[in-house]
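*Asks:* pasting the sequence and the predicted model now:
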Amino acid sequence: MKVFINRLILSTAIIAFIGLFPFLSWGSEYWFEFLCAFLVSIFNSCIGYYLVLLSMHESDSKFYTMVYGGMLVRMSFLIGFALFMILNNHVVAIPFFLSLMIFYVVHQWIEISGWLQEIPLRKVQVSS
């Protein structure tokens with residue numbers, strides 16, 4: 001889990017470094033939108049990775065239930081949170097949505113690549 005958290009932090013630092021100039025040019029008034037999008041995305045990714053680690057040594061049906069059911073619940077929460085924030089005018093829609101999608105894609109990529117490193121340790125035999 002430590003390696004996963006370190007990757008998330010490193011990827012976020014790289015995004016922040018690349019996005020520093022555009023942020024300073026036109027986005028500095030949208031810091032709250034960027035922060036909310038980052039926190040929701042990183043929370044989502046950590047929960048997903050934890051669910052995979054938790055169910056990795058369970059039966060296949062429980063593993064798939066945890067992974068895909070967790071994805072459904074997490075995506076529902078993410079959409080609900082985004083709609084709540086946008087519809088109640090807590091955030092500006094376009095900067096929040098764009099930053100959420102950027103963070104989401106990068107964090108999901110880190111999460112799935114972390115799965116792929118952990119899943120070969122699983123006890124399932126793959127036939128050739």
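*Replies:* Cool, the structure landed. Keep in mind that what you see is a predicted model, and the values were worked out from it rather than measured.
*Asks:* quick check, central residue of the chain?
*Replies:* residue 45 (3.3 Å; C-alpha atoms, centre = their mean).
*Asks:* give the contact list for that one.
*Replies:* Contacts for residue 45 (C-beta atoms under 8 Å, 6 or more residues apart in numbering) come out as 8, 107, 108, 110, 111. Bear in mind the C-beta positions are built from the backbone N, C-alpha and C, glycine included.
*Asks:* go through the longest helix along the chain and flag the buried ones.
*Replies:* Identified as the longest helix of the chain according to DSSP state H is helix 60-87. By neighbour count on 16 or more other C-beta atoms under 10 Å, the buried set for helix 60-87 is 63, 66, 67, 70, 74, 78, 82, 85, 86.
*Asks:* where is pLDDT lowest across these?
*Replies:* When the buried residues of helix 60-87 are compared on pLDDT, residue 63 comes out least confident, at 85.
*Asks:* ok, it touching residue 55?
*Replies:* Yes: counting by C-beta atoms under 8 Å, residue 63 touches residue 55, with 4.7 Å between them.
*Asks:* thinking again about what came up before, TSV for the buried residues of helix 60-87, including distance to residue 18?
*Replies:* Below are the buried residues of helix 60-87 laid out as TSV (distance: C-beta to C-beta, whole Å):
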residue	distance to residue 18
63	35
66	34
67	30
70	30
74	26
78	23
82	23
85	25
86	25
